[in-house]
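Trainee: A predicted structure for the sequence below; I have some questions about it.
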Amino acid sequence: MRQDVPAVAALLQKVFGTADGAGPPHLASYLENALLAGPWYDEALSSLVCLADDDRVAGFLGVLPRPMVLGGTRLRTAVSTKFAVDAEVGRGWAAVSLLKAFLARPHDLVFADVGSDDMRRLWEAVGGTTVLLYSLHWRRRLQPCRYAASWVRKHTVYGPFAWALLPLCVPADALFARLHVNRFHAPPGESTSAELDEETFLRHYAELAGPGALRLEFDRPALRWTLEIAAATRPHSALHKSVVRNARGEILGWYMFFRDPGGDTDVIHFLSRADATSEVLAHLYAEAWRRGAATVSGRLNPQQMRGVSAQHAVISSGPPWMLVHSSRPEVLEAIHRGNAYLSRLEGEW
């Protein structure tokens with residue numbers, strides 16, 4: 001695949017680029033680092049390129065190997081990423097060929113966690129499964145007035161005048177943040193938050209994810225590389241990582257999020273003790289609000305549903321869809337029972 005990187009980068013720019021033809025910055029470098037130089041690279045689970053008869057790249061399916069564990073069993077896992085087909089060259093046959101080849105590889109589990117409606121239909125047609133339980137997402141508006149002004153600016157003909165609403169938004173949103181059901185300006189309880197470091201993450205990740213849960217296996221180089229790749233895909237957003245502890249210094253949970261310049265906050269990783277989800281989420285809301293976020297959203301992990309609901313988030317289903325395929329019944333059972341931790345950090349980048 002290495003010799004195909006320039007052609008694949010051109011394909012991704014053509015399929016996913018902006019209207020003016022500009023693709024993601026340093027796309028070829030991203031492909032090299034994410035798909036060919038990662039700590040989990042596995043030649044048997046490498047990315048796939050589909051060529052037309054004239055040797056043009058008709059389609060591409062990126063593959064990210066991910067070693068996972070279920071109980072005491074290590075699993076060979078891979079994630080689908082950057083799935084793209086040139087409609088002028090490959091049409092439908094390229095997409096089907098790529099996905100069939102991907103699912104036929106030697107693996108215990110493969111998944112795609114940001115599947116579109118079209119990809120869901122294709123995935124199910126070749127034998128995969130949509131996991132509705134992991135296709136749920138939550139969203140909380142922290143500054144509803146600013147959010148409304150942003151929506152008007154982006155989606156209506158009155159966009160040029162939206163700036164006039166901003167002076168009214170500041171006091172209205174400040175009042176909203178101090179209502180009893182919100183209190184974004186001050187998290188409740190005696191717990192505190194601080195910067196999440198690598199050592200804390202690695203020491204407590206398995207414990208918080210659940211000793212018997214399906215989860216990723218991290219070590220220090222893999223964690224560092226994963227965060228670097230995630231940050232490279234969001235060059236205009238800042239990554240924030242915080243850990244929450246109670247008054248005795250015990251870890252209640254942690255979170256990681258990107259805050260976009262427009263005010264949206266995307267939570268890519270959220271872990272907590274079963275009895276502390278609501279409290280950790282309150283710290284997340286407060287930090288995102290202090291950093292100027294208008295909204296905060298993330299994927300809903302099934303074990304966290306009660307705590308997320310208690311913090312007044314709106315829950316919706318995909319897209320994006322969680323799509324999985326495995327020939328091992330115990331793996332599928334763990335996922336469908338919600339006994340798996342699959343955050344955005346473990347998924348597609």
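Mentor: Arrived safely, thanks for sending.

Trainee: now do the buried residues in the host helix or strand of Leu202.
Mentor: Here Leu202, judged by DSSP states H and E, is contained in helix 198-209. Buried residues in helix 198-209, counted by 16 or more other C-beta atoms under 10 Å: 200-201, 204-206, 208-209. (Glycine included, C-beta is placed from N, CA and C.)

Trainee: then stretch 210-229?
Mentor: 213-216, 218, 222-223, 225-227, 229.

Trainee: how far does stretch 332-349 stretch from start to finish?
Mentor: Taking C-alpha to C-alpha, to the nearest Å, stretch 332-349 runs 23 Å from one end to the other.

Trainee: about what we covered before: as TSV, the buried residues of stretch 210-229 with secondary structure, pLDDT and distance to His240 would be great.
Mentor: Formatted as TSV, those follow (DSSP: H, G, I helix; E, B strand; the rest coil; pLDDT from 0 to 100; distance: C-beta to C-beta, whole Å):
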residue	secondary structure	pLDDT	distance to His240
Ala213	coil	93	25
Leu214	strand	97	27
Arg215	strand	96	23
Leu216	strand	95	21
Phe218	coil	93	19
Ala222	helix	95	21
Leu223	helix	96	16
Trp225	helix	94	19
Thr226	helix	94	16
Leu227	helix	95	12
Ile229	helix	91	17
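
Trainee: centre of the chain to the helix or strand hosting His269, how far?
Mentor: Using DSSP H and E, His269 falls within strand 264-272. Mean-position distance between strand 264-272 and its chain equals 8 Å (C-alpha atoms, centre = their mean, to the nearest Å).

Trainee: repeat for stretch 210-229
Mentor: The chain centre lies 14 Å from the centre of stretch 210-229; the measure is C-alpha atoms, centre = their mean.

Trainee: again with stretch 283-296
Mentor: In terms of C-alpha atoms, centre = their mean, the centre of stretch 283-296 is set 18 Å apart from its chain centre.

Trainee: pass me the low-pLDDT residue ranges in this protein, would you?
Mentor: Along the chain, segments meeting pLDDT under 70 span 1, 18-25, 90-91, 144-188.

Trainee: okay, now the domains of it?
Mentor: Domain assignment for the chain by automatic domain parsing gives 2-132, 137-346.

Trainee: if we can go back for a sec, now the next helix or strand after the strand holding His269: buried residues?
Mentor: On the C-terminal side of strand 264-272, the nearest following helix or strand under DSSP H and E is helix 277-290. Going by neighbour count (16+ other C-beta under 10 Å), the buried part of helix 277-290 is 277-289.

Trainee: farthest-separated two in those residues?
Mentor: For these, the farthest-apart pair by C-beta to C-beta is Thr277 and Trp289; their separation is 18.4 Å.

Trainee: roughly how far apart are the residue of the chain positioned farthest from its centre and Ala10?
Mentor: Note on the chain: the largest C-alpha distance from the chain mean falls to Asp54, namely 36.3 Å (C-alpha atoms, centre = their mean). Taking C-beta to C-beta, to the nearest Å as the measure, Asp54 falls 15 Å from Ala10.

Trainee: do the same with Leu98
Mentor: In this view, Leu98 and Ala10 are 17 Å apart by C-beta to C-beta.

Trainee: check Ser272 too.
Mentor: For Ser272, the distance to Ala10 equals 43 Å [C-beta to C-beta].

Trainee: between the two, who's got more neighbours?
Mentor: A direct count of neighbours by other C-beta atoms under 10 Å for Ser272 and Ala10 places Ser272 higher, at 23 against 16.

Trainee: if the spatially closest residue to that one that is not a sequence neighbour is in a bridge, with which residues?
Mentor: Distances taken as C-beta to C-beta, 6 or more residues apart in numbering place Gly253 nearest to Ser272, at 2.9 Å, with adjacent residues excluded. Gly253 has these beta-bridge partners by DSSP bridges: Val244, Ser272.

Trainee: need the contact list for Gly253.
Mentor: Residues counted as contacts of Gly253 (C-beta atoms under 8 Å, 6 or more residues apart in numbering) are 208, 243-244, 270-273, 276-277, 280.

Trainee: of all pairs in these, which one is the farthest apart?
Mentor: Spatially, the most separated pair among the contacts of Gly253 is Val243 and Thr277, at 14.5 Å (C-beta to C-beta).

Trainee: what comes up buried for the host helix or strand of Arg306?
Mentor: Assigned by DSSP H and E, Arg306 belongs to helix 305-310. Across helix 305-310, burial judged by 16+ other C-beta under 10 Å covers 305, 307-308.

Trainee: still on that earlier bit, who's in contact with the helix holding Leu202?
Mentor: Taking contacts as C-beta under 8 Å, 6+ apart, the residues outside helix 198-209 that touch it are 215, 218-220, 223-224, 243, 251, 253-254, 271-273, 341.

Trainee: how about the residues you listed, which pair is most distant?
Mentor: Spatial extent of these (C-beta to C-beta) is set by the pair Arg224 and Arg273 at 25.4 Å.

Trainee: one step back: and which of the contacts of Gly253 is nearest to Tyr30?
Mentor: Closest approach between the contacts of Gly253 and Tyr30, by C-beta to C-beta: Phe270, at 25.1 Å.

Trainee: quick one, what contacts the closest residue to the closest one other than its chain neighbours?
Mentor: Of all residues not flanking Phe270 in the chain, Tyr255 sits nearest, at 4.7 Å (C-beta to C-beta, 6+ apart). Tyr255 makes contact with 241-242, 244, 267, 269-271, 280, 283-284, according to C-beta under 8 Å, 6+ apart.
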